[in-house]
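Give me the fold of what follows.
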Amino acid sequence: MNRFKNLFQNDKVLFVVSFLVAVALWMMVIGDRNPQTENVIRDVPIAYTGTEIMQDADLKIITVSDTTADVKIFGRLSEIHQVVAADVTLSADLSEINKPGTYTVPLVSTVGQTGVSVEGVTPATITVEADFIVQNRREVQVQFVNELPQDYEQGELSLSMTSLTVEGPENLLKTIAKAVAVVDLNNITQPISASYPLKLVDAGGNEVVSDAIAVSATEVWVDLDILKAKTVPVQVVLDGEVNLAETGHTVTPAPSSVRIKGKAALIDSIEQIETQPIPQSMIPVQAGTIDTALALPDGVTCDTEQISVMFDYTPPETDAQTADPGA
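Okay, here's the model as predicted:
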């Protein structure tokens, strides 16, 4: 006990002990003022490494789940505050991607600041889809929706292109059936001549949308005749030399009316459609039926190409019968 007591009465020993206590206290003070802490550097861009194998295989990145990630760093407060996003590197090694498919790739991060380390990355991995980029041709069609007003029908359709080039991931392009322009016919009574946007659709008519797809055209010019339809009576025309009163015939066309189509202004001006003139040589001696064509004006069409003309026969009265009805 006396020896221990004497030890602390020694000036040199007391100096050393006091120095160590002072250092400890200083370390505690400094530690409180500059503690170890965490910080998150957000939205750090992800760089790709090891892409040579993909390039040699003609593979392209089609989709990637994330293009940035958050990096958590750890270190002294004074050092942490000096770290900026440019000091943090974040990379994904794509050297294992050598064929089409979907891959899960870990993210690796480092910090270019002494005394600061990376605690974690969120997300820790990204999903990368790779595929071949190919070109194909797809047919361009018009998809009509709704209906024209009553007595109007579609005429000739013309498109500025019948197909287009589609470029993109091979597996995705396999789902594309065609490109369509949607044309709404509701309340349309005049010819259409306008540009319509194109959309890619699958076999079921569902739209295929992807930033990985490029097309040679996004619109198509559509020209569509709009025809007016009208039902008009048929007028049988006989050659100018025929006199039915003398022959004892009456005529009846079958059908008695037909539906004609053409531009609205022309159709509105037509009240009837005549047959081609029927010469006397074709008229039956008594009752009978003949077929004849319609005399359609230019610009007018009709689904009925020929009609039948029925000739009914009543013998004309003689002079004697007229003079003496009872004879």
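
For V44, which three-state class applies?
Secondary structure state of V44, per DSSP: H, G, I helix; E, B strand; the rest coil, is strand.

which ones are touching the nearest residue to it once chain neighbours are set aside?
The shortest distance from V44 to any non-neighbouring residue, by Cβ to Cβ, 6 or more residues apart in numbering, is to L90 (4.6 Å). Where C-beta positions appear, they are placed from N, C-alpha and C, glycine not excepted. Contact partners of L90, counting by Cβ atoms under 8 Å, 6 or more residues apart in numbering, are V44, P45, I46, A47, T68, A69, V71, L107, V108, S109, V121.

do the same with G204
With Cβ under 8 Å, 6+ apart, G204 has no contacts at all.

what about it, which helix or strand?
For G204, there is no enclosing helix or strand under DSSP states H and E.

Same check on E119?
Here E119 is assigned to strand 117-122, by DSSP H and E.

surely K99 meets D56?
No. Assessed by Cβ atoms under 8 Å, K99 is found out of contact with D56, at 11.6 Å.

How is this protein divided into domains?
Per automatic domain parsing, the domain ranges recorded for the chain read 2-33, 36-123, 133-228, 236-319.

did I read that right, the residue nearest to V44 in a strand?
Yes. Checked against three-state DSSP, L90 lies within a strand.

Look up how far N186 lies from it.
Relative to N186, L90 is positioned 54 Å away (Cβ to Cβ, to the nearest Å).

Residues in a beta bridge with the residue nearest to V44, which ones?
S109 (DSSP bridges).

Do you know the pLDDT at it?
At L90, the predicted lDDT confidence score is 97.

Which two of the contacts of L90 have the greatest separation?
The span of those, defined through Cβ to Cβ, is set by T68 and V108 at 14.7 Å.

returning to what we had before: of K99 and D56, who's got more company?
Higher neighbour count among K99 and D56: K99, with 12 against 9, using other Cβ atoms under 10 Å.

which residue sits closest to that one, ignoring its sequence neighbours?
Closest residue to K99 apart from its sequence neighbours, by Cβ to Cβ, 6+ apart: A57 at 6.9 Å.

what about the one you found, how many neighbours?
Count around A57 with other Cβ under 10 Å applied: 14.

Repeat that for T252.
That count, for T252 with other Cβ under 10 Å as the rule, works out to 13.

what's the answer for the one 4 residues further on, then?
S256 sits with 11 neighbouring residues when counted by other Cβ under 10 Å.

quick one: contacts for it?
Going by Cβ under 8 Å, 6+ apart, S256 touches P233, V234.

phi, psi of it?
phi -80, psi -10 (degrees, to the nearest 10).

One more: A295?
Here A295 shows phi and psi, under degrees, to the nearest 10, equal to phi -100, psi 90.

Look at it and report its pLDDT.
Reading off the model, A295 has pLDDT 94.

My guess is it contacts Q276. True?
Yes. Taking Cβ under 8 Å as the definition, A295 is a contact partner of Q276 at 5.2 Å.

Let's verify E96: helix, strand, or coil?
Going by three-state DSSP: E96 is coil.

Contacts only, for it.
G50, I53, Y103, V105.

one more time with 6 Å, if that's ok
By Cβ atoms under 6 Å, 6 or more residues apart in numbering, no residues touch E96.

Over to A177?
D202, A203.

rerun that using 10 Å as the cut-off
By Cβ atoms under 10 Å, 6 or more residues apart in numbering, A177 lies in contact with R138, E139, Q141, L200, V201, D202, A203, G204, G205, N206, V208.
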